[in-house]
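S.K.: Take this sequence and fold it.
(chains A, B, C and D)
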Number of protein chains: 2
Amino acid sequence: MMKNAPRREDGLSRERIIEETIVLLDSHGEKGLTFRALAERLATGAGAIYWHVANKDDLLASACDEIVARALSAPLEDAPPEEVIRALALALFDAIDARPWVGSALTRAPLELPMVRILERLGQQVRSIGVPAQGQFAAAAALLSYIVGVSVQNAANAQIGRMLGGDRTAILGEVAQAWSRLDAEAYPFTRSMAAQLPVHDDRADFLTGINLILRGLAQS
Amino acid sequence: MMKNAPRREDGLSRERIIEETIVLLDSHGEKGLTFRALAERLATGAGAIYWHVANKDDLLASACDEIVARALSAPLEDAPPEEVIRALALALFDAIDARPWVGSALTRAPLELPMVRILERLGQQVRSIGVPAQGQFAAAAALLSYIVGVSVQNAANAQIGRMLGGDRTAILGEVAQAWSRLDAEAYPFTRSMAAQLPVHDDRADFLTGINLILRGLAQS
DNA sequence: ACCTGAACACCGTTCAAGT
DNA sequence: ACCTGAACACCGTTCAAGT
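M.R.: Here you go, the predicted model:
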């Protein structure tokens, strides 16, 4: 065709829809993402969105992939592979922590593009480390499971704090109180750990786990 | 009061509701759990359920807790603590694998009773191992994160297979084909791993990770 | 080709009214 | 104390009709 600029500036597009989806998810959470709310933001009808997007799952998955792609694009520097893996892991941990909805989207669509993006990056570094060929897949898969699994779990924790309104310390303080009120017979360990909960650093523990896996990898 | 058996046999009760919730979740998945469907199964009105249960979140959380409690009640034997931890981890892995909805319920209500149940069990074993006092919480928390995180992630994988109808091998075969069709420039690692995907054992990898953490714990 | 917006078939939750 | 079931305020998705 000859005309190549027929698109109106205010026309809908997949990109614009997904961009606005991210804004909506960030501002109003997972249950705030509604075709009606999205349509209003885009100044269009609810049905129009379906021309560019298959359904709500597609919407969520695409928004998730966008965030994952951004998180992975940052740490590209050439450094020792272990260092790159740590950087990738933390970038994902922080991205999911900042947007808990990314976590549930990741869990909902397991072997899709976002996961493959991460696996690829991890795999390339696993190769650089020098892990023998027959162990590369298991190593990359273990890292992938750990990173995504723990990050999602952590983000869920953080989200509940945000939902209850208070700051992190206050929430954890309340949980700690609840723990110290548990039955002494059934929950001796948890009771005695109540005091440590509020001063606990999840991000540091996450990194400790990564280092543990990397150490195990080096031994094999 | 004097009369202590006024309850009709067909009366509703929290237990009966949760029991039927589990049946419904198992048979029709997470989106099959509906107050209307549940009411029909219980031969009552939708609103009656609200007399025994706060809301849908409460329903899901209670069903989840029931399953977690069952999974933890099995492996009680006195064995070396590392062995008990492995047994607990696998029991949870299998329970969540069999019921993916437990995974998302666990993620939705992070620091609630089900998680505390698991933490307590792990913590007691961590103590038995002889981990020094100031490291016990971090150790138990690391195990908890890993077990729940990876199990949830694995269950999500398994679920997608079930949803697509085919058996596990067939699904993974298709994913493997999709992987081998990825762009050679951008996804060299994933492409070369395509063949290994269908013969990969997630449960074994899960256990490998547990052993890795236990080994790290023994060193400290 | 792309958009509109009414309509359909659902939801969770509430609440007056019953027993 | 416990249950009923209609009613309310929403959903995702479809689809004739428009441009």
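S.K.: For chain A, which residue gets nearest to DNA strand C?
M.R.: The minimum distance from chain A to DNA strand C, using CB to the nearest atom of the strand, falls at residue A:47 (1.6 Å). The C-beta positions use only the backbone N, C-alpha and C, and glycine is treated the same way.
S.K.: Name the SS class of that residue, please.
M.R.: Residue A:47 falls in the helix class when you classify it by DSSP: H, G, I helix; E, B strand; the rest coil.
S.K.: residue contacts, it?
M.R.: For residue A:47, the contact set (CB atoms under 8 Å, 6 or more residues apart in numbering or on different chains) is empty.
S.K.: What about residue A:122, how many residues nearby?
M.R.: Around residue A:122 there are 24 other residues, counting by other CB atoms under 10 Å in any protein chain shown.
S.K.: Would you mind confirming that residue A:67 is in contact with residue A:19?
M.R.: No. Distance between residue A:67 and residue A:19: 11.4 Å, which falls outside the contact criterion (CB atoms under 8 Å).
S.K.: what's the host helix or strand of residue A:27 in contact with?
M.R.: Following DSSP states H and E, one finds residue A:27 within helix A:14-28. With CB under 8 Å, 6+ apart as the test, helix A:14-28 has contacts from A:32-33, A:37-38, A:41-42, A:49, A:52-53, A:59-60, A:62-63, A:66-67, A:99, A:101.
S.K.: CA atoms only: put it into PDB for me.
M.R.: In PDB, the C-alpha atoms belonging to helix A:14-28 read as follows (Å, rounded to 0.1, in the frame of the first residue of the first chain):
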ATOM      1  CA  ARG A  14      -1.400  -2.600  21.700                       C
ATOM      2  CA  GLU A  15       1.500  -0.600  23.200                       C
ATOM      3  CA  ARG A  16      -0.700   2.200  24.500                       C
ATOM      4  CA  ILE A  17      -3.100  -0.300  26.000                       C
ATOM      5  CA  ILE A  18      -0.400  -2.200  27.800                       C
ATOM      6  CA  GLU A  19       1.300   0.900  29.000                       C
ATOM      7  CA  GLU A  20      -2.000   2.100  30.500                       C
ATOM      8  CA  THR A  21      -2.600  -1.400  31.900                       C
ATOM      9  CA  ILE A  22       0.700  -1.100  33.800                       C
ATOM     10  CA  VAL A  23      -0.300   2.300  35.200                       C
ATOM     11  CA  LEU A  24      -3.700   1.000  36.300                       C
ATOM     12  CA  LEU A  25      -2.100  -2.100  37.900                       C
ATOM     13  CA  ASP A  26       0.400   0.000  39.700                       C
ATOM     14  CA  SER A  27      -2.100   2.500  41.000                       C
ATOM     15  CA  HIS A  28      -5.100   0.300  41.800                       C
END
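S.K.: Say whether DNA strand D is contacted by that helix.
M.R.: No. Residues of helix A:14-28 contacting DNA strand D under CB under 7 Å from any atom of the strand: none, with a closest distance of 9.5 Å.
S.K.: Which secondary structure elements does the following helix or strand past that helix sit against?
M.R.: Scanning forward in sequence from helix A:14-28 by DSSP H and E, the next helix or strand is helix A:35-41. When contacts are defined as 3 or more CB pairs under 8 Å, 6 or more residues apart in numbering or on different chains; DSSP states H and E, helix A:35-41 sits against helix A:14-28.
S.K.: And the helix it packs on, what's buried?
M.R.: The neighbour-count check on helix A:14-28 (16 or more other CB atoms under 10 Å in any protein chain shown) flags A:17-18, A:20-22, A:24-25 as buried.
S.K.: cool, stretch A:79-97 as well?
M.R.: A:81-82, A:84-93, A:95-97.
S.K.: Stretch A:47-59 now?
M.R.: Neighbour-count burial for stretch A:47-59, with 16+ other CB under 10 Å as criterion, is recorded at A:48-49, A:53, A:59.
S.K.: Give me the most central residue, chain A.
M.R.: residue A:96 (2.9 Å; CA atoms, centre = their mean).
S.K.: In which helix or strand does that residue reside?
M.R.: Going by DSSP H and E, residue A:96 is part of helix A:81-98.
S.K.: Point out where chain A drops to low pLDDT.
M.R.: Low-confidence segments of chain A (pLDDT under 70): A:1-10, A:75-76, A:161, A:163-166.
S.K.: any idea of the angle the helix ranked longest in it forms with helix B:133-163?
M.R.: Assignment by DSSP state H gives helix A:133-163 as the longest helix of chain A. Put simply, helix A:133-163 runs at 100 degrees to helix B:133-163, going by axes from the mean of the first three to the mean of the last three CA atoms, to 10 degrees.
S.K.: Whether helix A:133-163 contacts chain B - can you check?
M.R.: Yes. Using CB under 8 Å from any CB of the partner chain, helix A:133-163 comes into contact with chain B via A:136-138, A:140-142, A:145-146, A:148-154, A:156-157, A:160.
S.K.: From the buried residues of stretch A:47-59, pick the one nearest residue B:119.
M.R.: Minimum distance to residue B:119 across those is 35.5 Å, recorded for residue A:59 (CB to CB).
S.K.: Report the closest residue of chain A relative to chain B.
M.R.: Residue nearest to chain B within chain A: residue A:149 (2.6 Å; CB to the nearest CB).
S.K.: Could you report the neighbour count for that residue?
M.R.: 27.
S.K.: Tell me if I'm right that it and residue B:144 touch.
M.R.: No. Counting by CB under 8 Å, residue B:144 is not a contact partner of residue A:149; they are 11.3 Å apart.
S.K.: by how many degrees do the helix or strand containing residue A:122 and helix A:133-163 diverge?
M.R.: Assigned by DSSP H and E, residue A:122 falls within helix A:113-129. In terms of direction (the same axes, to 10 degrees), helix A:113-129 departs from helix A:133-163 by 130 degrees.
S.K.: for helix A:113-129, which positions count as buried?
M.R.: A:113-127, A:129.
S.K.: on contacts alone, who are the packing partners of it?
M.R.: helix A:56-73, helix A:81-98, helix A:100-108, helix A:133-163, helix A:202-219, helix B:188-193.
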